[in-house]
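>>> Got a predicted structure here, sequence first:
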Amino acid sequence: MKILKISGKNLASLAGEFEVDFQQEPLASAGLFAISGPTGAGKSTLLDALCLALYDATPRLLKVLGRGSALPDVGKETVNAQDTRTLLRRGTPDGYAQVDFVGNDGASYRARWSVRRSRTRAEGALQATAMSLHQLPALQPIGGTKTEVKDEIEKRIGLSFDQFTRAVLLAQNEFSTFLKTEDNERGELLETLTGSSIYTDISMRAFERAKKEKQILERLGEKLADQRPLSPEERAETETLCGAAETTLQHIDLRKAVLELQQRWHQETHKLQSQATAAQQALDSAAADSAAAAGRHAALAQWELLQPAR
């Protein structure tokens with residue numbers, strides 16, 4: 001997240017409209033700077049405006065003693081001491097806080113908090129606060145109700161109000177709160193701020209993978225435990241049986257080669273016998289045809305003897 005601009009109107013000690021643009025000089029290239037000034041100049045109000053626009057809350061109001069106590073407002077009206085509407089400057093009909101920022105998705109947004117009195121008159125009763133969120137530069141609205149807008153802002157900042165006020169905006173004398181935070185909570189907050197949560201995911205995945213591989217290794221160890229090694233006597237006996245089996249296998253292979261040779265001889269003999277039978281049948285058929293043509297041969301021979309006389 002990156003703050004681009006803080007602006008507002010009629011908030012606490014800051015009368016009228018005000019604006020702090022961090023994209024303009026001298027702040028654009030200042031790097032590190034301080035908000036300074038005499039008491040009542042509006043230093044805390046400027047930070048209040050930042051929190052109001054983003055979260056509809058400020059750290060200093062939450063620390064007001066006498067929670068639930070009421071403060072006098074116009075007429076006979078009262079307002080809770082921790083109500084953010086108490087930041088509306090006395091004698092003004094309306095006010096707002098507005099923040100332009102870059103979200104954790106890289107897009108620019110404008111968050112706005114506003115409050116007014118009825119009929120927009122300074123003596124009117126305080127009305128409910130309103131919040132809005134727009135994406136810049138098209139001013140596309142995001143979220144509908146106030147609750148939806150707050151959820152969308154928190155989603156784009158990546159920090160809750162409590163995390164924001166313990167890491168980004170520390171109220172006076174509150175730095176120790178961050179230091180005294182529990183290790184897990186502080187680590188989670190630092191991961192969010194630095195974007196290093198990916199290393200937590202990698203660590204968790206590595207742990208799960210190691211756990212799974214360890215379980216596989218344990219199962220393999222159990223299988224190996226069931227397979228007891230042979231004693232020297234059993235091993236010698238098994239090797240003797242193995243040698244005898246190999247000798248028997250060699251004899252079987254030789255017998256197999258002889259039988260295959262005999263099988264091929266019988267197959268060739270059967271083939272030749274079939275061919276001889278077929279040739280004999282052809283010979284017998286030719287002899288029968290020759291005998292059937294003997295009469296015609298005799299007649300032809302007589303005709304040939306008579307040809308000279310003719």
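That came through, no problem.
>>> contacts and neighbour counts: CA atoms only from here.
Noted.
>>> the helices in the stretch 201-310 of the chain, which residues?
232-292, 294-306 (DSSP state H, counting those that start in this stretch).
>>> Let's have those in a markdown table, adding distance to Leu27, mean neighbour count and mean pLDDT.
Below are the helices of the stretch 201-310 of the chain laid out as a markdown table (distance: least, C-alpha to C-alpha, whole Å; neighbours: other C-alpha atoms under 10 Å; pLDDT from 0 to 100):
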| stretch | distance to Leu27 | mean neighbour count | mean pLDDT |
| --- | --- | --- | --- |
| helix 232-292 | 87 | 12 | 93 |
| helix 294-306 | 135 | 11 | 87 |
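>>> Now for the chain, the helix or strand with the poorest mean pLDDT.
Using mean pLDDT, DSSP states H and E, helix 175-179 stands out as the lowest-scoring helix or strand of the chain, at a mean of 59.
>>> Next, the contact list for Glu246, please.
Not one residue lies near Glu246 by C-alpha atoms under 8 Å, 6 or more residues apart in numbering.
>>> per-residue pLDDT, the residue nearest the centre of the chain?
In the chain, the residue lying closest to the centroid (C-alpha atoms, centre = their mean) is Asp201, at 10.2 Å. pLDDT, Asp201: 74.
>>> That one and Glu208, how far apart?
11 Å (C-alpha to C-alpha, to the nearest Å).
>>> What of Pro72?
Pro72 sits 59 Å away from Glu208, going by C-alpha to C-alpha.
>>> Hmm, Gly143 is touching Glu154, no?
No. Counting by C-alpha atoms under 8 Å, Gly143 does not reach Glu154; the two are 11.9 Å apart.
>>> and for those two, which residues touch both?
With C-alpha under 8 Å, 6+ apart, Gly143 and Glu154 have no common neighbours.
>>> Sketch out the low-pLDDT regions of this structure for me.
Scanning the chain for pLDDT under 70 picks out the ranges 64-68, 170-199.
>>> just the strands in it please.
Listed in chain order, the strands of the chain (DSSP state E) span residues 2-11, 14-21, 70-72, 78-80, 94-102, 108-116, 130-135, 140-141.
>>> How about residues contacting the longest one?
Contacts to strand 2-11, defined as C-alpha under 8 Å, 6+ apart, come from residues 15-23, 45-46, 49-50, 87-89, 92, 94-103.
>>> measure the nearest residue to Phe101 once chain neighbours are set aside to Thr92 for me?
Spatially, and ignoring its direct neighbours in sequence, Phe101 is nearest to Ile3 (4.4 Å; C-alpha to C-alpha, 6 or more residues apart in numbering). With the distance defined as C-alpha to C-alpha, Ile3 ends up 27 Å from Thr92.
>>> for Asp56, same thing?
Distance, Asp56 to Thr92, using C-alpha to C-alpha: 19 Å.
>>> Distance of His297 relative to Lys150?
Using C-alpha to C-alpha, His297 is found at 126 Å from Lys150.
>>> I figured Phe101 hits Arg110, correct?
Yes. Using C-alpha under 8 Å, Phe101 is in contact with Arg110, at 6.5 Å.
>>> Selection in PyMOL covering whichever of the contacts of strand 2-11 are buried, please.
Of the contacts of strand 2-11, the buried ones can be selected in PyMOL as follows, counting by 16 or more other C-alpha atoms under 10 Å:
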select buried, resi 15+21+22+45+46+49+50+87+88+89+92+94+95+96+97+98+99+100+101+102+103
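>>> Bridged to Met131, which residues?
Partner residues in beta bridges with Met131, using DSSP bridges, are Trp113.
>>> list the contacts for it?
By C-alpha under 8 Å, 6+ apart, Met131 lies in contact with Ala53, Asp56, Ala111, Arg112, Trp113, Ser114, Lys146, Val149, Lys150.
>>> Repeat that for Ala294.
Shown in contact with Ala294 (C-alpha under 8 Å, 6+ apart): no residues.
>>> change it to 10 Å
By C-alpha atoms under 10 Å, 6 or more residues apart in numbering, the contact set of Ala294 is Leu300.
>>> Check Gln275 too.
By C-alpha under 10 Å, 6+ apart, the contact list for Gln275 reads Thr269, Gln281.
>>> The same query, at a cut-off of 6 Å, please.
Contact analysis of Gln275 by C-alpha atoms under 6 Å, 6 or more residues apart in numbering lists nothing.
>>> From Glu268, how far off is it?
The gap separating Gln275 from Glu268 is 11 Å, by C-alpha to C-alpha.
>>> Having no further points to raise, I will conclude here.
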